[in-house]
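Got a predicted model here, sequence first, then my questions.
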Amino acid sequence: MKDNDTKYNAGSIHVLKGLDAVRKRPGMYIGTTGVKGMHHILWEIVDNSMDEILNGHGNSIDIEIFKDNSISVTDKGRGIPVDIHPTEGVSALELVFTTLHAGGKFNNKNYSVSGGLHGVGASVTNALSEWLTVNVFKGGKKYTMQFASVVENGEIISGKKIKDLYSEDCDPKLRGTTVIFKPDVRVFGNEEFSFDTISKRLKELAFLNGGVKFSITDNRVVGESGRAKVRKFCYGGGISDFVLHLNEGKTPKYNPPIYVEKKQGHFAVELAFQHTDTYAESVFSYVNDIPTTEGGTHETGFKSALTRALNDFGRAKNIIKDKQSNFTGEDYREGLTAILTVKMQNMQFEGQTKTKLGNPEVKALVENLLTDAIKDYLNKAKKDVIDAIYEKARVAAKARESAAKAKSVARNLNNMTTSALIGKMANCSGKKPELNELFIVEGDSAGGSAKQGRDRATQAILPLRGKPLNVEKKKIEDILKNDEIKLIINALGTGFGREFNINNLKYHKVIILADADQDGAHIRAILMTMFFRYMRELITGGHLYIGMPPLYKITEKNKIQYAYDDEELKKILSSVGKNYTLQRYKGLGEMNPEQLWETTMNPRTRSLMRVAIDDNAEAERLIITLMGEGAELRREYIFEYADFNKEDSFAETTKKAENKRKTDNG
Ligand code: TTJ
């Protein structure tokens, strides 16, 4: 992409060439040309407005989706400069939309902290749009420039300026920038903007940038009132509100969350955290508002800072006695919910999904800034808060010692060959983990049918008798005492929690097979929570699936058909004659081995749902609201909705899956 900059000096040729490169290889700039890529070109625009706000100009971003899938982004900042750029001979506005990476050229001068978030710039949005219009309001004038991707001599010229900058008078109070564009169907096909995707991200941005007002308006959906659907996000408390939001449904050890921030030059760090009576650790970090799911140097720096500050302070105040040893980082992080955000320049991402901050200097920087900040906080904190933090660590340390014992029990499980527990399980004969599947089946009778109906070479069956333990709010040593969980860990071969090692996974597909009723949903939820908490890579690696048994059997003479939901049932019933029998399966146990194989286990005819985590923070919250205390009634939700089971996460799409999809997401 850089090549073009040097090859073509004459403004317009250079410009057009640059954008055409984006057209030719959109993937290089936005990852995919699917629905994700389409949202990516929206975030490119939003990032520009965000930068302006971060630098103190304007305090709101309004997004509006229109019926033709065009979309507008409006801020109340200074407006993109419209005067002619001294060296380039065109307005900054034109350059922003017609040159690759133009954003940076202007940002550095005008901005002290710059997100530079997604980083490929607004020109990429222009290049991949059917048309794009910019309006800048300032000094009583409304300036407009228009671009479009036009066909000339049978070739598409991307993001060509079709209307020069022109201005008209407007209300002198108006200030800011509006960009409206329509993603090109020649690039994205018939994908559409998703209200939910945009809402989720705006909500996150609203937490990360406290006090900034965001709104999303969907003109495609007109409610009963005759008005468009609108959602607004603004959190005065910023990341502290984020922590409170994540902790909804848990019992906090103190309130409000602890908040500290520090700046040094172009570097800024913000931290909010709160302990609750739970045991897992939930740290979510961001760099320039981008989630760093895989962590990185900022997160490492934070963890060291928290441990150091608390141990130093504890010693200084004699909370940790002379003969006592220091608490570990994990002791201090038990039941901790934290949001860490840094704003910096030249961030470098690494890791499998490029969501890990790599800049080595950041570790010490964050550690030093936060150690000071946390100590300052502790020196002024209320006694209750301090007592709660050290009490929590004390209990955690004790648990750690007993957990060490429990863990060696768990480790030994792997070496067990003969055991009453293992007796229940029917292993497969094949030795290739890539081909092997483990069915975790609800109930002994369904387990029996599955054992008989399976493909013995590749399918292993693990029947669960009772309900497995709900791991939420349980200590690790108690979790490891549960027979069903011991069985699962033992079967998978991976170990558990910190000792988990995906390389030892014995079955590359782990399939939960439970009834399509409330109890089944609860079992699925419990198992998914357990995997999310203690074997997360099983999910992120794409190994966890939900089996889909049919709900109905329709028999007409000798012909048997299965329906996986009510919609499919209707369809089948309309195609059969008068003489049919309809059986509603109340559970897996009602199916004989052949039927279970045919409908649910045979890789050729079954449909599976792959479990995926779309958004760690949101999944976290879901689990807490669902699996925490008093959440019995809401337990269906975890299985039925969004974050755990996304449309694009369906592993094997058969006709049945097509139908399921509608019901599972609708
Ligand atoms: C740059 O420094 C001088 C004053 O204006 C600054 C600027 O560019 N501000 C700015 C850009 N505010 N908003 C934008 C912007 C907004 C949208 C919706 C899209 C783009 C590409 C930029």
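Ah, there it is.

And Glu64, its phi and psi?
Note on Glu64: its backbone torsions stand at phi -140, psi 130 [degrees, to the nearest 10].

Tell me the spacing between it and Ser215.
8 Å (Cβ to Cβ, to the nearest Å). C-betas here are computed from N, CA, C, even on glycine.

now swap in Lys354 and tell me
Lys354 sits 30 Å away from Ser215, taking Cβ to Cβ as the criterion.

When these two are compared, which one has more neighbours?
When Lys354 and Ser215 are compared for neighbours, Ser215 comes out ahead with 18 against 13, by other Cβ atoms under 10 Å.

Residues touching stretch 353-362, excluding its own?
Residues lying outside stretch 353-362 but in contact with it, judged by Cβ atoms under 8 Å, 6 or more residues apart in numbering, are 285, 287, 290-299, 301, 342, 344, 346-351.

Buried members of those residues into ChimeraX, please.
The buried residues among the contacts of stretch 353-362 can be selected in ChimeraX (16 or more other Cβ atoms under 10 Å) with this line:
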select :285,287,290,291,292,293,294,295,296,297,298,299,301,342,344,347,349
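
Narrow the contacts of stretch 353-362 to those in helices?
Within the contacts of stretch 353-362, membership in helices is found for Thr297, His298, Glu299, Gly301, as judged by DSSP state H.

Okay, buried residues for stretch 67-77 please.
Taking 16+ other Cβ under 10 Å as the basis for neighbour counts, the residues of stretch 67-77 that come out buried are Asn69, Ser70, Ile71, Ser72, Val73, Thr74, Asp75, Lys76, Gly77.

My guess is the fifth one contacts Val46. True?
To tie it back to what came earlier, the one meant is Val73. Yes: with contacts defined as Cβ atoms under 8 Å, Val73 counts as touching Val46 at a distance of 5.7 Å.

all strands in the stretch 151-300 of the chain, in order from the N-terminus.
In the stretch 151-300 of the chain, the segments counted as strands under DSSP state E, counting those that start in this stretch are 155-169, 176-183, 213-222, 228-233, 258-264, 267-275, 282-287, 290-291.

check whether the longest one contacts the ligand.
Spelled out, that is strand 155-169. No: Strand 155-169 does not reach the ligand (Cβ under 6 Å from any ligand atom); its nearest approach is 12.5 Å.

got the residues of the protein near the ligand?
When proximity is defined as Cβ under 6 Å from any ligand atom, the chain approaches the ligand at 45, 48-49, 52, 73, 75, 77-81, 96, 106, 110, 122, 177, 179.

do that again at 8 Å, thanks
44-46, 48-49, 51-52, 57-58, 61, 73-75, 77-81, 92, 96-97, 103, 106-107, 109-111, 121-122, 125, 134, 176-179 (Cβ under 8 Å from any ligand atom).

Go ahead and measure how far stretch 517-532 is from the middle of the chain.
What separates the centre of stretch 517-532 from the centre of its chain is 20 Å, taken as Cα atoms, centre = their mean, to the nearest Å.

which parts of it are buried?
When neighbours are counted by 16+ other Cβ under 10 Å, the buried residues of stretch 517-532 are found to be 520-532.

now the closest residue to the ligand within the stretch 301-450 of the chain, nearest residue through space, not along the chain?
When you check the stretch 301-450 of the chain against the ligand by Cβ to the nearest ligand atom, the closest residue turns out to be Gln345, at 16.4 Å. For Gln345, ignoring the flanking residues on the chain, the nearest one in space by Cβ to Cβ, 6 or more residues apart in numbering is His266 at 5.2 Å.

backbone phi and psi for that neighbour, please?
Main-chain dihedrals, His266, degrees, to the nearest 10: phi -80, psi 0.

Repeat that for Leu551.
For Leu551, the backbone dihedrals (degrees, to the nearest 10) come out as phi -100, psi -30.

going forward can the numbers begin at 808, since that is how I track them
Done: numbering now begins at 808, and the last item shifts to Leu1358.

That one - how many residues pack around it?
18.

and if you look at Asn1308?
Applying other Cβ under 10 Å, we find 11 residues neighbouring Asn1308.

That one reaches Met1342, doesn't it?
No: counting by Cβ under 8 Å, Asn1308 does not reach Met1342; the two are 10.1 Å apart.

Overlap of the contact sets of those two?
Between them, Asn1308 and Met1342 share the neighbouring residues Thr1301, with contact defined by Cβ under 8 Å, 6+ apart.

Fine, thanks again, bye for now.
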